[in-house]
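Trainee: A predicted structure for the sequence below; I have some questions about it.
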Amino acid sequence: MNSNLSSEIRRQLNPERLPAHVAIIMDGNGRWAKKRFLNRVKGHEKGAETVRTVVRVCREIGVKHLTLYAFSTENWNRPKTEISALMTLLKRFLESERQDLMDKEIRLDVIGQLERLPEDVRASLVDVMNLTSRNKAMNVHLALSYGGRAELVRMTRLIAAKAKAGGLDPDSIDESVVADHLYTAGAPDPDIMIRTSGEMRISNFLLWQLAYSEIFITETLWPDFGEEEFLSILKEYQKRDRRFGKV
């Protein structure tokens, strides 16, 4: 990282035009490891360092919401040994970061099928979420065992159940009602969606919420994604004209 360049880009950013919410598909850990003839888990370990960097930068410049796609519903189809290693890494990461989250007033939230996670990992997540629940400087949303289609199915069932019980008039269902029954209820939709590793797809991520997000694809593998490139994307974002379907 060129610290002088990063500092210069920070100075060029307009604090009034910072995104309120950045979402990231953190892709490329396995390929990063393979290029170096390392076990895939080493790529995930290196990727955890990038998570720390991006969270730190967001906190320092004033981004209020950061959603990280950490583990999808489809990822359960990976080899059991890799899944086990990922869960161990996640638990270790939570334990190492809990005090830093408190010191920086960062609230941790999890979106996804939390009930599918191993009991010990789930307990660590709930512990850190409860610990940080009153922090207000920034929100980090971890998408774990998350799938956009599964989220929409869950939302539909919740709304249908309320309507069936007589607590919701079907004719009153609008976009705000849908949003209130998503995992991300209460958070603004992402202004930016970044995907590393060059893949040109959204991979079942925030299918409702990304409707008007500005999309940035970088060839950089997640473990190599650093502060300078992240800030450069934010700078480019501030040049875009967001019309939301209007002229």
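Mentor: Right, received. Where do you want to start?
Trainee: Strands of this structure, start to end?
Mentor: 21-25, 65-72, 106-111, 138-146, 192-195, 214-217 (DSSP state E).
Trainee: Of those, which is nearest Ile233?
Mentor: strand 214-217 (5.0 Å; C-beta to C-beta). For glycine as for every other residue, the C-beta is placed from the backbone atoms N, C-alpha and C.
Trainee: What about the residue lying closest to Ala163 once chain neighbours are set aside, how many residues nearby?
Mentor: The shortest distance from Ala163 to any non-neighbouring residue, by C-beta to C-beta, 6 or more residues apart in numbering, is to Pro170 (5.2 Å). Pro170 has 10 neighbours, counted by other C-beta atoms under 10 Å.
Trainee: And Phe93, by the same measure?
Mentor: Neighbours around Phe93, by other C-beta under 10 Å: 19.
Trainee: For it, which non-adjacent residue is closest in space?
Mentor: Ala48 (5.4 Å).
Trainee: cool, Arg17 as well?
Mentor: Distances taken as C-beta to C-beta, 6+ apart put Gln238 closest to Arg17, at 4.7 Å, once the chain neighbours are dropped.
Trainee: what about the nearest residue to Asp169 once chain neighbours are set aside, how many neighbours?
Mentor: Spatial nearest neighbour of Asp169, chain neighbours left out: Ala163 (7.5 Å); criterion: C-beta to C-beta, 6+ apart. Per other C-beta under 10 Å, the neighbour tally for Ala163 reads 15.
Trainee: any chance you could map the helices in this protein?
Mentor: Counting by DSSP state H, one finds helices in the chain at the ranges 3-12, 29-35, 40-61, 80-103, 119-132, 148-164, 175-180, 227-237.
Trainee: Which among these is found nearest to Ala70?
Mentor: Closest approach to Ala70 among the helices of the chain (C-beta to C-beta): helix 80-103, 7.4 Å.
Trainee: Does the closest one pack against any helices or strands, and if so which?
Mentor: The contact analysis (3 or more C-beta pairs under 8 Å, 6 or more residues apart in numbering; DSSP states H and E) places helix 80-103 against helix 40-61, strand 65-72, strand 106-111, helix 119-132.
Trainee: before we move on, back to that, per-residue pLDDT, the residue nearest to Ala163?
Mentor: At Pro170, the pLDDT value in this model is 95.
Trainee: Distance check, it against Lys162.
Mentor: 10 Å (C-beta to C-beta, to the nearest Å).
Trainee: Phe71 now?
Mentor: Distance, Phe71 to Lys162, using C-beta to C-beta: 29 Å.
Trainee: go on, Val57?
Mentor: Distance from Val57 to Lys162, by C-beta to C-beta: 40 Å.
Trainee: So what's the residue count around Lys164?
Mentor: By the criterion of other C-beta under 10 Å, Lys164 has 10 neighbours.
Trainee: what comes up buried for the helix or strand bottoming out on mean pLDDT in the chain?
Mentor: Within the chain, no helix or strand scores below helix 3-12, which has a mean of 88 by mean pLDDT, DSSP states H and E. Burial within helix 3-12, assessed by neighbour count using 16 or more other C-beta atoms under 10 Å, is assigned to 6, 9-10.
Trainee: do stretch 47-66 as well
Mentor: Across stretch 47-66, burial judged by 16+ other C-beta under 10 Å covers 47-48, 50-51, 54-55, 57-59, 63-66.
Trainee: Quickly name whichever of those residues is closest to Thr156.
Mentor: For the buried residues of stretch 47-66, the nearest to Thr156 is His65 (24.4 Å; C-beta to C-beta).
Trainee: Test of understanding: give the bridge partners of the closest one.
Mentor: His65 forms beta bridges with His21, Asn139, as assigned by DSSP bridges.
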